[in-house]
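Trainee: Attaching a predicted model along with its sequence, questions to come.
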Amino acid sequence: MILSDEVVIISGVGAGLGAKLAARAAAEGAKVVLAARSGDVTDQVAAQITAAGGDAIAVRCDVRKREDVERVAATAVETFGAITGLVNAAYSHPGLSDLLETSDQQLRRSMDVILHGGLEMSRAVVPHMAGGGSIVNVGTMSTRKPMRGEGGYAVAKAAMGCATQYLALELGEKGIRVNQAVLGWLDGPGVRFFLTMTAEASGISEQEVYDDIASRNPLNRIPADEACAGAVLYLLSSLASEVTGAIIDVNGGEYMPA
């Protein structure tokens, strides 16, 4: 198991990637702290992990609120004795509209959750990573390959990508690695909803919508959220002990940096 004895906090746990990531981290031996504004998913996933013999606890947290973030870190230390890993997955999408047509309020909320929330979480955990640790920020392919309607979301994620490299530079002397996994299409609840809506609007089958998206990458499939979680687990683990400041593309090859 690649995460034996690790204590990992995951922010923004939802029904898709976050839930799969938490379950897989626990299966790899990690003690997991699931943080999200709503307890609907986190409570259920934590219970499932515990029932399977793993260690997990759910904590309500709005990453924009310092007191919430500090409570998550304190709970991790009180429950499991340490913090060795953090996944910043919390996000807020401002809506599928052009950048200049997206309200300032929506843009600020997205930036507050993705960038400032990620930094707040990092501030809270770094003092507890006395023996080193790993921070993984979840990015999006829309920062690499612009897509209409993704501007407001991508701008905040791009800022997080820049912060990733600066944190890697600044925290390396503490033995803390910081990396970003840039995800593309994820075959989970969100994309399944998109397939249904697009099929109904276009008068074609969901399979045809799926096939069109899948044909854009060499693997000819939409990567499953559970499979993509593996890249994050790798970055958290000692297998990536010499990897920091990296931005790893996890999209089935749809985008290949030059």
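Mentor: Thanks, I have it. Numbering: from 1, shown residues only.
Trainee: Following element in sequence after the one helix or strand L21 maps to, please.
Mentor: Element membership for L21 (DSSP states H and E) is helix 17-27. Counting by DSSP H and E, the next helix or strand C-terminal to helix 17-27 is strand 31-36.
Trainee: helices and strands around that next one, which ones?
Mentor: strand 7-11, helix 17-27, helix 39-51, strand 55-60, helix 66-80 (3 or more CB pairs under 8 Å, 6 or more residues apart in numbering; DSSP states H and E). Yep, even glycine has a C-beta here, placed from its N, CA and C like the rest.
Trainee: So for the fourth one, mean pLDDT?
Mentor: Per-residue confidence for strand 55-60 averages out to 98 on the pLDDT scale.
Trainee: got the contact list for that strand?
Mentor: 13, 22, 26, 30-39, 42-43, 45-46, 49-50, 68, 71-72, 75, 79-80 (CB atoms under 8 Å, 6 or more residues apart in numbering).
Trainee: ok, back up a step: just say which of the helices and strands packed on strand 31-36 is most tucked in.
Mentor: Comparing these by mean neighbour count (mean count of other CB atoms under 10 Å), strand 7-11 ranks first with a mean of 28.
Trainee: Next, the angle from that one to strand 55-60.
Mentor: 30 degrees (axes from the mean of the first three to the mean of the last three CA atoms, to 10 degrees).
Trainee: mind listing the strands for this protein?
Mentor: Applying DSSP state E to the chain gives strands spanning 7-11, 31-36, 55-60, 85-88, 133-140, 176-183, 247-250.
Trainee: CA atoms only: put the second one into CSV for me.
Mentor: What follows is the C-alpha trace of strand 31-36 in CSV, where atoms were taken according to Å, rounded to 0.1, in the frame of the first residue of the first chain:
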residue,chain,number,x,y,z
LYS,A,31,-6.0,7.9,7.4
VAL,A,32,-8.3,10.3,5.6
VAL,A,33,-10.0,13.6,6.7
LEU,A,34,-12.8,14.5,4.3
ALA,A,35,-13.7,18.2,4.3
ALA,A,36,-16.6,19.8,2.5
